[in-house]
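Asks: predicted structure and sequence below. I'll ask about it afterward.
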Amino acid sequence: MASPDRHIPAQDDLKPGQCIAGYTVEKKIGAGAMAVLYLVTDGDGNPYALKIPLQRYGIDPVSLVAFENELRLAPYLEDFPHACRPKVIHDGDHKYLLLEYIEGVDLWKHMTKNGCLSEDEAISLTKKIVHALSELHQRRIIHLDIKLSNIMVNAAGEIRLIDFGLANHLDLPDLIHESFYEPKGTPCYIAPEQFIGTRDDVRSDIFSLGVMLFEMTTNKLPFDEGYSAWDVISRIKKDFILPKKYNPNLSETFNFVVGSCLHSNPELRFAYMDDLYEMLGMWEGGVPVDSIMGYEKNTISPPRPSENPVSQLLNPAYRALRNLFDFTPDNYQRLKQWAEYRRKNQKEKRYRILVSIMLDQNMQLTTFSKEIIEEAYYLARLQNAVITIISAIECDSGLASEDAKAQQNNILCYKARIAISSLVQASSEAGLAVGINVMVGTPIEVIENCVNYYNADLLVIGARKKPTFHHFMRNNTGSRILTAIKCNTYVVHEGKGIFSRKPAQDNPGMQPDNPQQNVI
């Protein structure tokens, strides 16, 4: 395996005066969990920001995929006035993201310095953000990572949306969804439906905007932060807190607006950004928004007539029994029902092919892996299908600490993604929609999880020619896949696929197979 420096220079090596793709590095201006930003200038002295991903061994692979996603979305945002007008530039084999340089601060830093915003300030600023997101959605792009630190405000008070690494263009394959089946983003901001795999609903950005509105006026979140699956499920099950609890100066109308954004069920939120923008405009214009929306300020039910003594004694027991045997779906169950109904009633569902391959001990593609992938490409062209290449990484870390295990897993996943990504790039140029998902676990576990998550129509695996078919069915990984995985399965026999029939010169750069290996 080659050093990662073949793919991108070490970030610490970019020094003032260094030239990258015709731009001169002035200084480092920012660093995050996924990328580093440098201030650069062109030949005329015009300033730009140069974004370089963190792609060293041990870095979370999401940084690699997020940068790939930003590169892919850049042409669709180059003329978008509410972003930093990203542009892909090349320096040899390397790709970088050149951004408009903004003299300003993000909302997180602004609030850290100045404290909470007043209700009027928050509404005025939110209107600008809603307008920008509305135009973004018109381009069929959902941001999916809206938070205070991803909103920049310049000296003129204009806003810019930044960091499109997790965004989804509805007319392109969802690279993040293809690469990871666990949700990505900041847990306290992303919408509940994102936790169960829905990344194509514009109302997800509306939820995140509601969290921002809450935080801008209270300096608190509407619910506790949670990172484990149980934390997230518990958060979704609970009803959200209204901002007026923490800031009594906020109006009931503000409570209604925030609450209408924060429902766990997307159907109960504003349908589109334009609806939210229209309501905010009416509010600023003095129109009684709460009456127009049918909102009643007095939400507390009127007191009931006094009950007789017997009823007063029996009611507590009745309420206790009702709560004990209450089978009414909670917010999380309703959300799952919504997602399932939505999935079943989609107008179009592209045929989904999963391709399972194994890499060699050096995390390199073998000739047989290439053969399996080429066969899947052929099948995909027949079906106009979406392909996800999956690979299982089994790592024996012994008694290492959890941090050390995570570091080692990230290194292996990074190497595997780099090895497979060259094929994905070639397939994209050929018009195929291909994603990569490298996971830690046994092949059976990984394949079963991916088949269920992606709702796969076809699984493509390989069978080596060394063992007999009887041996294959008796004690090979392939036999266990065929018996354990409930999915139509296509077996590529080594030496009989499309790739093996191509001339050798058409297949450069492939590693010879190890005859001692007997894997899928």
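Replies: Done, it's in.

Asks: which other helices and strands does the strand or helix carrying Lys109 contact?
Replies: Assigned by DSSP states H and E, Lys109 belongs to helix 107-114. When contacts are defined as 3 or more CB pairs under 8 Å, 6 or more residues apart in numbering; DSSP states H and E, helix 107-114 packs onto strand 151-154, helix 203-218. (C-beta placed from N, C-alpha, C; glycine too.)

Asks: so for Arg139, which of the ones you listed sits nearest?
Replies: Minimum separation from Arg139 across those (CB to CB) falls at helix 203-218, 12.9 Å.

Asks: what's the average pLDDT for stretch 450-463?
Replies: Mean pLDDT, stretch 450-463: 88.

Asks: correction: stretch 65-72
Replies: Model confidence over stretch 65-72 averages 89 on the pLDDT scale.

Asks: what packs against the longest helix along the chain?
Replies: Identified as the longest helix of the chain according to DSSP state H is helix 402-429. Helices and strands touching helix 402-429, as assessed by 3+ CB pairs under 8 Å, 6+ apart, comprise helix 62-77, helix 367-383, strand 386-393, strand 433-440.

Asks: packing partners for the third one?
Replies: Looking back up the chat, that one is strand 386-393. strand 352-357, helix 367-383, helix 402-429, strand 433-440, helix 443-454.

Asks: save the ones you listed as a markdown table, and put in distance to Gly286 and mean neighbour count too.
Replies: Shown next, in a markdown table, are the helices and strands packed on strand 386-393 (distance: least, CB to CB, whole Å; neighbours: other CB atoms under 10 Å):
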| stretch | distance to Gly286 | mean neighbour count |
| --- | --- | --- |
| strand 352-357 | 52 | 25 |
| helix 367-383 | 57 | 21 |
| helix 402-429 | 52 | 17 |
| strand 433-440 | 49 | 22 |
| helix 443-454 | 49 | 19 |
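
Asks: and of these, who's closest to His94?
Replies: Checking the helices and strands packed on strand 386-393 against His94 by CB to CB gives helix 402-429 as the closest, at 13.3 Å.

Asks: quick check: angle from that closest one to strand 433-440?
Replies: Relative orientation of helix 402-429 and strand 433-440, computed by axes from the mean of the first three to the mean of the last three CA atoms, to 10 degrees: 160 degrees.

Asks: what angle sits between helix 402-429 and strand 352-357?
Replies: 120 degrees.

Asks: can you give me the angle helix 402-429 makes with helix 367-383?
Replies: Angle, helix 402-429 to helix 367-383, by the same axes, to 10 degrees: 50 degrees.

Asks: distance between helix 402-429 and the chain's centre?
Replies: Offset of helix 402-429 from its chain centre (CA atoms, centre = their mean, to the nearest Å): 17 Å.

Asks: sorry, back to before: so which of the helices and strands packed on strand 386-393 comes closest to Leu172?
Replies: By CB to CB (comparing all of these), the closest turns out to be strand 433-440, at 7.8 Å.

Asks: who does the closest one pair up with?
Replies: Using DSSP bridges, the strands paired with strand 433-440 are strand 386-393 (parallel).

Asks: where does pLDDT dip in the stretch 251-400 of the chain?
Replies: Applying pLDDT under 70 to the stretch 251-400 of the chain flags residues 288-329, 347-348, 396-400.

Asks: swap in 80 and give it another go.
Replies: Within the stretch 251-400 of the chain, the ranges that satisfy pLDDT under 80 run 283-329, 343-350, 361-363, 383-384, 394-400.

Asks: what segments of it are helices?
Replies: Using DSSP state H, counting those that start in this stretch, the helices of the stretch 251-400 of the chain run over 252-261, 273-284, 289-292, 309-324, 331-344, 367-383.

Asks: could the helices and strands packed on helix 402-429 go into JSON lines alongside distance to Ala31?
Replies: Output for the helices and strands packed on helix 402-429, formatted as JSON lines (distance: least, CB to CB, whole Å):
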{"stretch": "helix 62-77", "distance to Ala31": "12"}
{"stretch": "helix 367-383", "distance to Ala31": "36"}
{"stretch": "strand 386-393", "distance to Ala31": "28"}
{"stretch": "strand 433-440", "distance to Ala31": "25"}
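
Asks: I'd like to know how many residues surround Glu178.
Replies: When neighbours are defined as other CB atoms under 10 Å, Glu178 has 21 of them.

Asks: so what's it closest to, chain neighbours aside?
Replies: Gly435 (2.2 Å; CB to CB, 6 or more residues apart in numbering).

Asks: check the one you found and give its pLDDT.
Replies: In this model, Gly435 carries a pLDDT of 82.

Asks: any idea how far Leu107 is from it?
Replies: Distance of Gly435 to Leu107, given as CB to CB, to the nearest Å: 32 Å.

Asks: same check on Asp239?
Replies: For Asp239 relative to Leu107 (CB to CB), the value is 26 Å.

Asks: so the two - more neighbours on which side?
Replies: The neighbour count for Asp239 versus Leu107, taken as other CB under 10 Å, is higher for Leu107 (21 against 13).

Asks: which ones are touching the nearest residue to that one once chain neighbours are set aside?
Replies: Spatial nearest neighbour of Leu107, chain neighbours left out: Leu148 (4.1 Å); criterion: CB to CB, 6+ apart. With contact taken as CB atoms under 8 Å, 6 or more residues apart in numbering, Leu148 is in contact with Asp106, Leu107, Trp108, Met111, Met212, Glu215, Met216.

Asks: before we move on, back to that, now the longest helix of the chain against helix 62-77, angle please.
Replies: Using the same axes, to 10 degrees: helix 402-429 against helix 62-77 is 30 degrees.

Asks: residues contacting the nearest residue to Gly115 once chain neighbours are set aside?
Replies: If the residues on either side of it in the chain are set aside, Gly115 comes closest to Asn219, at 7.1 Å by CB to CB, 6+ apart. Taking CB under 8 Å, 6+ apart as the criterion, Asn219 is in contact with Met111, Gly115, Cys116, Tyr246.

Asks: quick one: contacts for the first one?
Replies: Residues in contact with Met111, defined by CB under 8 Å, 6+ apart, are Leu117, Leu148, Glu215, Met216, Asn219.

Asks: Glu215 is in contact with the first one, correct?
Replies: No - with contacts counted by CB atoms under 8 Å, Leu117 stays clear of Glu215, the gap being 9.7 Å.

Asks: please list only the buried members of the contacts of Asn219.
Replies: Buried members of those, counted by 16 or more other CB atoms under 10 Å: Met111, Cys116.

Asks: closest to Tyr341 among the contacts of Asn219?
Replies: Closest approach between these and Tyr341, by CB to CB: Tyr246, at 35.1 Å.

Asks: from Phe180, how far out is the closest one?
Replies: In terms of CB to CB, Tyr246 sits 34 Å off from Phe180.

Asks: ok so, going back, can you list the contacts of Leu148 in a markdown table and add pLDDT?
Replies: Output for these, formatted as a markdown table (pLDDT from 0 to 100):
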| residue | pLDDT |
| --- | --- |
| Asp106 | 92 |
| Leu107 | 94 |
| Trp108 | 92 |
| Met111 | 91 |
| Met212 | 95 |
| Glu215 | 95 |
| Met216 | 95 |
